[in-house]
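Asker: Let's see this in three dimensions:
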Amino acid sequence: QVQLVESGGGLVQAGGSLRLSCLVPGRAISGLTMAWFRQAPGKEREFVARVRWSRGITDYADSVKGRFTITRDHAKSAVYLQMNSLIPDDTAVYSCAAGYIEGSTSQYDYEYWGRGTRVTVSS
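Answerer: Numbers count the residues shown, from 1 in each chain. Model prediction:
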């Protein structure tokens, strides 16, 4: 079982930045792909970004390219999502996910999920 613990959400004005953290305590995660998804009110959950833990290969949704950056820290067993130039459409609950898969942006391919952290961007 992989436990994921997110933090870093909050309220920010448009144009601002936030950094989300996802800790994977006490678990070897070299074979995992780590991802962030988000779900806005009244909408389906959507893919945001992912990183292949072992190689560091990243992928982003078109809507966040150039604004968001996903990184990983081996020593801390953590994944981060740096979000810059935030816009109101980024308002959502952001969830960290993990799975033993490659190349997937589908939520159904990720086995492990955190509880989510809320991000609100005011205009």
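
Asker: Name whatever forms a beta bridge with the residue nearest to the spatial centre of the chain.
Answerer: The chain has W36 as the residue nearest its centroid, 2.3 Å off, counting by C-alpha atoms, centre = their mean. For W36, the beta-bridge partners are A49, C96 (DSSP bridges).

Asker: check contacts around it.
Answerer: W36 is in contact with 20, 22, 48-50, 70, 79, 81, 94-97, counting by C-beta atoms under 8 Å, 6 or more residues apart in numbering. (Each C-beta comes from the backbone N, C-alpha and C, glycine too.)

Asker: Report the buried members of those.
Answerer: 20, 22, 48-50, 70, 79, 81, 94-97 (16 or more other C-beta atoms under 10 Å).

Asker: if we can go back for a sec, need the contacts of W36 in TSV with distance to G42 and pLDDT, can you?
Answerer: As requested, these are exported to TSV (distance: C-beta to C-beta, whole Å; pLDDT from 0 to 100):
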residue	distance to G42	pLDDT
L20	22	98
C22	25	96
V48	18	98
A49	22	98
R50	24	97
I70	26	97
V79	27	94
L81	22	98
Y94	16	98
S95	17	98
C96	22	97
A97	21	96
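
Asker: Go through those residues and say which is closest to S30.
Answerer: V79 (13.1 Å; C-beta to C-beta).

Asker: follow-up on the earlier one: so which of the contacts of W36 is the closest to G8?
Answerer: Ranked by distance to G8 (C-beta to C-beta), these are led by L20 at 4.1 Å.

Asker: That closest one touches Y80, doesn't it?
Answerer: Yes: counting by C-beta atoms under 8 Å, L20 touches Y80, with 6.7 Å between them.

Asker: Tell me where the chain has strands.
Answerer: 5-7, 10-13, 18-23, 33-39, 46-52, 58-60, 68-73, 78-83, 92-99, 112-113, 117-122 (DSSP state E).

Asker: just how off-centre is the shortest one within its chain?
Answerer: If I follow you right, that is strand 112-113. 11 Å (C-alpha atoms, centre = their mean, to the nearest Å).

Asker: May I have the strands that pair with that strand, each with its orientation?
Answerer: Going by DSSP bridges, the partners of strand 112-113 are strand 92-99 (antiparallel).
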